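In: let me see the structure of the following:
(chains A and B)
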Amino acid sequence: QQPVQSPQAVILREGEDAVINCSSSKALYSVHWYRQKHGEAPVFLMILLKGGEQKGHEKISASFNEKKQQSSLYLTASQLSYSGTYFCGTEYQANNLFFGTGTRLTVIP
Amino acid sequence: KAGVTQTPRYLIKTRGQQVTLSCSPISGHRSVSWYQQTPGQGLQFLFEYFSETQRNKGNFPGRFSGRQFSNSRSEMNVSTLELGDSALYLCASSLFRGNTGELFFGEGSRLTVL
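Out: Below is the predicted model of the structure:
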């Protein structure tokens, strides 16, 4: 039931873009994205519901492809503050969320 | 507004011992979820409590248990500790039942089992 995230790790230079993918083998009700900076608590970014809705949070946006059971997180013009581990959480039935293993993003000057 | 508070932040135990971790949610939040975080497995869901009742449980052995008090504070207990229980244990609170709304995480309790 745990979603699969890819890539596992990525290194970017400031200003570059990145895409993090989250896929599931089961039909999804919603997808959640969180970011955890080193030594800190995970912080909520956004929730996407069924319907392929794209949401945005500053220069971070995400899409949800219901047919493919996939979600992608887009980070544009990355900043040093974007460094951290990104987790997607997938909801298959109401009131239960399963997180992926995370994608470690490092932004260098 | 105070965030989610977890105590203790760090602890070291030996195999066979038991441990109790505490979580104080954000004021007004009635749902508390617990997660185990390890480098290879990411965030693994343990259980969720709402209004003092366990609403959901993840795929963990019975050695892992929890409870929630009337003030929404929650405790998690692990008995007969094993080396593999070494992990960061995260607590998250939410306004509504279920762990599918916006979760507010604490900084975690890092458990090392020797």
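
In: rest of the way, CA atoms for contacts and neighbours
Out: Noted.

In: and the helix or strand of chain B with the lowest mean pLDDT, which residues are buried?
Out: Lowest mean confidence among the helices and strands of chain B (mean pLDDT, DSSP states H and E): strand B:53-57, at a mean of 90. Within strand B:53-57, the residues scored as buried using 16 or more other C-alpha atoms under 10 Å in any protein chain shown are B:54-56.

In: can I get these in TSV with distance to B:C91?
Out: TSV is the format used below for those (distance: C-alpha to C-alpha, whole Å):
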residue	distance to B:C91
B:Q54	14
B:R55	15
B:N56	14
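
In: and of those residues, the nearest to chain A?
Out: B:N56 (7.2 Å; C-alpha to the nearest C-alpha).

In: beta partners of the closest one?
Out: Going by DSSP bridges, B:N56 is paired in beta bridges with B:E48.

In: show the pLDDT at residue 28.
Out: I'll assume chain A. A:L28 is assigned 83 on the pLDDT scale.

In: my question was about chain B, not that one.
Out: So B:G28 comes in at 92 (pLDDT).

In: lowest average confidence, helix or strand, in chain A?
Out: Per mean pLDDT, DSSP H and E, strand A:55-57 ranks last in chain A, at a mean of 65.

In: for the next helix or strand after that one, name the packing helices and strands.
Out: Proceeding N to C from strand A:55-57, the next assigned helix or strand is strand A:60-65, under DSSP states H and E. Using 3 or more C-alpha pairs under 8 Å, 6 or more residues apart in numbering or on different chains; DSSP states H and E, the elements in contact with strand A:60-65 are strand A:43-49, strand A:55-57, strand A:70-75.

In: can you list the strands that the longest one pairs with?
Out: Put plainly, it is strand A:43-49. Strand A:43-49 has these partner strands in its sheet, going by DSSP bridges: strand A:30-36 (antiparallel).

In: contact residues of chain B facing chain A?
Out: Residues of chain B found near chain A (C-alpha under 8 Å from any C-alpha of the partner chain) are B:40-45, B:56, B:97-100, B:102-108.

In: from these, which would you call buried?
Out: The neighbour-count test (16+ other C-alpha under 10 Å) marks B:42-45, B:56, B:97-100, B:102-108 as buried among the residues of chain B next to chain A.

In: now intersect the residues you listed with the helices, please.
Out: Assigned to helices by DSSP state H, none of those qualify.

In: what is the lowest-pLDDT residue among those?
Out: Within those, the minimum per-residue pLDDT falls on B:N99 (60).

In: may I have the beta-bridge partners of the residue nearest the centre of chain B?
Out: Note on chain B: the residue nearest the mean C-alpha position is B:W34, at 3.3 Å, using C-alpha atoms, centre = their mean. Going by DSSP bridges, B:W34 is paired in beta bridges with B:F47, B:C91.
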